[in-house]
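K.L.:
When you get a sec, could you give me coordinates for this:
(one chain, ligands or ions: 1)
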Amino acid sequence: MADRRPYIAGNWKMNKTGFEAEDFVFALLPQISGADRAEVVICAPFTTIANVIDATRGSRIKGAAQNMHEAESGAFTGEISAGMLRDLDVRAVVLGHSERRQYFAETDETLREKLPVALANDLEPIFCVGETEAEREANETEAVLTRQVEIGLADVPADRLGNVVIAYEPVWAIGTGKVATTEIAQQACALIRRLVAKIDADAAERVRILYGGSMKPDNAAELLAQPDIDGGLIGGASLVADDFAKLVAAGDAA
Ligand code: PEP
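P.N.:
Coordinates of the predicted model:
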C-alpha cells in the first residue's frame, strides 16, 4: 500500500479575527515543531488568511481557504477567485463543505467546475462529500457518495487526480459531537477510494481521504489507524491551539 502522508486540516469556519488567528498560530507552532510527518493545514476565513500565511511562513503549516468561485474574474459580487487566493500564497481550498451545500446552494455541478480550476491554479482541493442523517437512514449513503464523487471529479485531468484531497464528512457528525464509528468511517472512505480507482487505479493509491465530523484528540488515533483514513478535517477542535496540536500529534504518529 502507498505510504500516504497524513493530512490534518483545521476548518475555522466563520471564526477568529486576524489578531486571534495570529495568537492561535503562535501558541500552536512550538507544540508541533518536533515532528513533520503530517501535513498541517489551516482553512481560515478570507479576512484572516493573510495573517495565517504571514505567521506560518517557513513552518510546516499551509494556509488554506474555505471556498472559491469557479470563474477567473467577472461580475460576481462578494466572490473570490482561485487566482486571488494564489496571489495571497494560499495553497489549498475547501470545496463543497456540507455547510456550503446546505446554506449556499453549492451543487455537485458547481463542484465539477471548481475542482479543475483550483488545480489549474495550484490550489490543493479539499473536496468534501457526505450523506445526511436521513440519507443514511434510507440506506442511500453509497448512492449519495457515488454521485458526489463521480460528478465532482468528472472534469479533473487524469494526471492531477492524485492531488485531490477528499474529505468524507457525514453531515450528521459535523458539529454535533456524534462521531462516526471507525467502521462507518472506514467503510465510507474505502468506498471513496474504490470510486477513484474506477477512474485511475494509481491515483486512488495516492489520493488522501480524510474523515471529518466531531474528530477530537480522544478519538483521532483510532480513526487515523484505519487503512483508508489518511487524515482529518476538523472543525470545533481546530479552534483551540492545544487541541489542534494534539490532533497534529495524532497525525504525526499515524
Ligand atoms: C467541519 O467543519 O468540517 C467539521 C468536521 O466540524 P466538526 O469537527 O466541528 O464536526
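
K.L.:
Residue of the stretch 151-254 of the chain closest to the ligand, please.
P.N.:
residue 235 (2.2 Å; CB to the nearest ligand atom). Where C-beta positions appear, they are placed from N, C-alpha and C, glycine not excepted.

K.L.:
doesn't residue 176 make contact with that residue?
P.N.:
No - using CB atoms under 8 Å, residue 235 makes no contact with residue 176, being 10.4 Å away.

K.L.:
Comparing the two, which residue is more hemmed in?
P.N.:
For residue 235 versus residue 176, neighbours defined as other CB atoms under 10 Å are more numerous around residue 235 (22 against 13).

K.L.:
Just list whatever residues bridge to the closest residue to the more buried one other than its chain neighbours.
P.N.:
In this structure, residue 235 finds its nearest non-sequential neighbour in residue 11, 5.0 Å apart by CB to CB, 6 or more residues apart in numbering. Bridge pairing for residue 11 (DSSP bridges) gives the partners residue 43.

K.L.:
mind listing what residue 11 touches?
P.N.:
43, 66, 94, 97, 212, 233-235, 238 (CB atoms under 8 Å, 6 or more residues apart in numbering).

K.L.:
what's the answer for residue 204, then?
P.N.:
Residue 204 neighbours (CB under 8 Å, 6+ apart): 193-194, 196-197.

K.L.:
surely residue 207 meets residue 162?
P.N.:
Yes - with contact defined as CB under 8 Å, residue 207 counts as touching residue 162 (5.6 Å).

K.L.:
More neighbours: which of the two?
P.N.:
residue 207 (23 against 18).

K.L.:
And residue 36, which helix or strand is it part of?
P.N.:
Under the criterion of DSSP states H and E, residue 36 resides outside all helices and strands.

K.L.:
which residues touch the closest residue to it other than its chain neighbours?
P.N.:
For residue 36, ignoring the flanking residues on the chain, the nearest one in space by CB to CB, 6+ apart is residue 60 at 5.0 Å. Neighbour list for residue 60: 32-33, 36, 39-40 [criterion: CB under 8 Å, 6+ apart].
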